[in-house]
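Participant: Fold the following, please.
(chains A and B)
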Amino acid sequence: MTENRNIKIVMDSDGIDRCLTRIAYEILEKNKGKENLVLVGIRTGGVYLAERLQKKISGIEAGKIPLGILDITLYRDDISTSNKKPRLGKTKITFSLDNKKVVLVDDVLFTGRTIRAAMDALIDFGRPKMIQLAVLIDRGHRELPIRADFVGKNLPSSLWEAVSVNLVEKNGIDEVVIEEGT
Amino acid sequence: MKLEKKDILGMKDLTVEEINLILETAESFLEISTREIKKVPTLRGKTIINLFYEASTRTRTSFEIAGKRLSADTVNISASTSSVIKGETLIDTARNLEAMNPDVIVIRHSAAGAPHLLASLVKQSIINAGDGAHEHPTQALLDMMTIKEKKGKISGLKVAIVGDITHSRVARSNIYGLSKMGAQVFLAGPATMLPRNIEQMGVKVYNKLEDAIVGADVVMMLRIQLERQKQNIFPSLREYSQHYCLNRSNIKRAKKDVIVMHPGPINRGVEISPDIADDPSYSVILDQVNKGVAVRMALLYLLTGGNE
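Facilitator: Modelled structure (predicted):
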């Protein structure tokens, strides 16, 4: 990290863990238990958070709920006009979504375009009874009429700031940082 | 990540990094063909022309399905139903197709180098779906994807390719590709079917099938291409099959967990005995076809982009 960059840690490891614990309870409360409940994590950050939520939920009510992994690249609205091709990850949803209550999990909710893509993808897999959205950070600046059902923290940010969720599984540390753009 | 290349003309021009990118991308595409709704919106509004001057079932269908599963519009042209029979040249056909603004042209032609000629003439991406006895890169890529899935790696494997090497674009593309990926390639075939100086491609050459497949992890059998043989290069199919047909007894010389591949269409009883071709403990022939769709989806995805 360079010295002159302005990086602020807005949430630490304990903070993230408490948020996820609360979200796990909220998911169970809103859905009145874990019947027909499934989690789908959006690659890559959302997958780790979904795994943690799965663990927390089974700690509250015994039994594992199904967990799917979704790569939304092929559903992006800029994929055919952009020359950048993101490295394609594997989608792994090995169970039927028909009549399931699907909780989509992502790390940061920003423009809402990722979630739009994810919902289109989910509907190609079946007809869920409902789709809910859980995010660790909601940083605002929506470009589509999308909102989250479960939010770890609302983090008002400006467009030139970068919000990153670092997780042990991929970055070696749990923290949410906000960085001023150059 | 995007392929820097405009065209996919042969395995000779692909780097190890590019091959790995294509194979990894293809692995992610496999899942789409297992869904109930086998379609993603990725290439909406893109047009792919399949220009086939030679007969094909697998490759043409595979490209068409790959395009359709990505929501591209695919158009098939076969020489027998096109203006080719009115005498239009390949170059004129290409210029006319270019004027209709497709995004990718897939071409199969009996002349080696036809896709390269096209690539230099038109601005669209060209994919070589087989040019004469030269190259068939998408077949080599799907073969490598199958090997990688079954064996977990390509590097260090012993791969025997048996049959009419001279007329085989599949063999040539696989020799380039497999050697780049670190596999050892062994060839076998009658002397009349082995190109002179083929050893320069870094392969070991045998005359007997039994010698080439000793300890092999992969045995790739080639089709006898009667349509490409201008003169008889072997006395009879029967004699050929006595020496070069993979069967229950000679396959024992390969590794116990050997996989048997064939680019299709197979001549049952000529280069491969039906009981081997149909035995799922050896044969991965239908896996190859399955991977073909994913490999072609990956190439279409990686080649198309915006006009930045």
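
Participant: show me where chain B has strands.
Facilitator: B:47-52, B:73-78, B:104-109, B:125-131, B:158-162, B:184-188, B:204-206, B:218-221, B:259-261 (DSSP state E).

Participant: before we move on, what about chain A?
Facilitator: A:7-11, A:37-42, A:67-70, A:101-109, A:130-138, A:150-154, A:161-166, A:175-180.

Participant: how about the fourth one, does it reach chain B?
Facilitator: No. Judged by CB under 8 Å from any CB of the partner chain, strand A:101-109 and chain B are separated, with a smallest distance of 15.8 Å. In short, each C-beta sits where N, CA and C put it, glycine included.

Participant: pLDDT weak spots in chain A?
Facilitator: A:1-5, A:182 (pLDDT under 70).

Participant: Quick check: the residue sitting nearest the centre point of it vs A:Ala134, distance?
Facilitator: Most central in chain A under CA atoms, centre = their mean is A:Asp106, positioned 0.7 Å from the mean C-alpha point. As judged by CB to CB, to the nearest Å, A:Asp106 and A:Ala134 stand 8 Å apart.

Participant: shared neighbours of those two, which are they?
Facilitator: Residues touching both A:Asp106 and A:Ala134 by CB atoms under 8 Å, 6 or more residues apart in numbering or on different chains: A:Leu49.

Participant: Return the residues in contact with B:Ser168.
Facilitator: For B:Ser168, the contacting residues are B:Ala133, B:Ile161, B:Leu222, B:Gln225, by CB under 8 Å, 6+ apart.

Participant: quick one: it from A:Ser13, how far?
Facilitator: For B:Ser168, the distance to A:Ser13 - CB to CB - is 59 Å.

Participant: Also B:Lys153?
Facilitator: Separation of B:Lys153 from A:Ser13 (CB to CB): 38 Å.

Participant: Who does the closest residue to B:Leu9 other than its chain neighbours form a beta bridge with?
Facilitator: Nearest non-adjacent residue to B:Leu9, counting by CB to CB, 6 or more residues apart in numbering or on different chains: B:Asn128, 4.9 Å away. B:Asn128 has these beta-bridge partners by DSSP bridges: B:Ile107.

Participant: Compute the distance between B:Asn128 and chain A, please.
Facilitator: 21 Å (CB to the nearest CB, to the nearest Å).

Participant: Need the CA coordinates for stretch A:60-67. PDB is fine.
Facilitator: Extracted C-alpha coordinates of stretch A:60-67, given in PDB (Å, rounded to 0.1, in the frame of the first residue of the first chain):
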ATOM      1  CA  ILE A  60     -29.100 -21.400  15.200                       C
ATOM      2  CA  GLU A  61     -31.400 -24.000  13.700                       C
ATOM      3  CA  ALA A  62     -29.900 -27.500  13.200                       C
ATOM      4  CA  GLY A  63     -29.400 -28.700   9.700                       C
ATOM      5  CA  LYS A  64     -27.600 -27.300   6.700                       C
ATOM      6  CA  ILE A  65     -29.400 -25.300   4.100                       C
ATOM      7  CA  PRO A  66     -28.400 -25.700   0.500                       C
ATOM      8  CA  LEU A  67     -25.700 -23.300  -0.900                       C
END
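
Participant: Give me the contacts around it.
Facilitator: A:24-25, A:28, A:33-34, A:37-41, A:50-51, A:54, A:57-58, A:94-95.

Participant: on that earlier part again, can I get the contacts of B:Ser168 in CSV with pLDDT, neighbour count and distance to B:Thr42?
Facilitator: Formatted as CSV, those follow (pLDDT from 0 to 100; neighbours: other CB atoms under 10 Å in any protein chain shown; distance: CB to CB, whole Å):
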residue, pLDDT, neighbour count, distance to B:Thr42
B:Ala133, 94, 21, 34
B:Ile161, 98, 27, 35
B:Leu222, 96, 24, 34
B:Gln225, 81, 17, 36
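
Participant: restrict the residues you listed to contacts with chain A.
Facilitator: Within the contacts of B:Ser168, nothing lies near chain A by CB under 8 Å from any CB.

Participant: Looking at those residues, which is nearest B:Met11?
Facilitator: Checking these against B:Met11 with CB to CB, the nearest one is B:Ile161 at 13.5 Å.

Participant: now the end-to-end length of stretch B:226-246.
Facilitator: Terminal residues of stretch B:226-246 are spaced 19 Å apart (CA to CA, to the nearest Å).

Participant: Other residues contacting it?
Facilitator: With contacts defined as CB under 8 Å, 6+ apart, stretch B:226-246 is touched by B:133, B:162-164, B:166-167, B:188-190, B:192-193, B:208-209, B:213, B:219, B:221, B:224, B:260, B:267, B:269-273, B:276.

Participant: Could you do stretch B:265-281 as well?
Facilitator: By CB under 8 Å, 6+ apart, the list of residues contacting stretch B:265-281 from outside reads B:57-58, B:162-163, B:221-224, B:237, B:240-241, B:244-248, B:251, B:260, B:262, B:282-283, B:285.

Participant: Sounds good, over and out.
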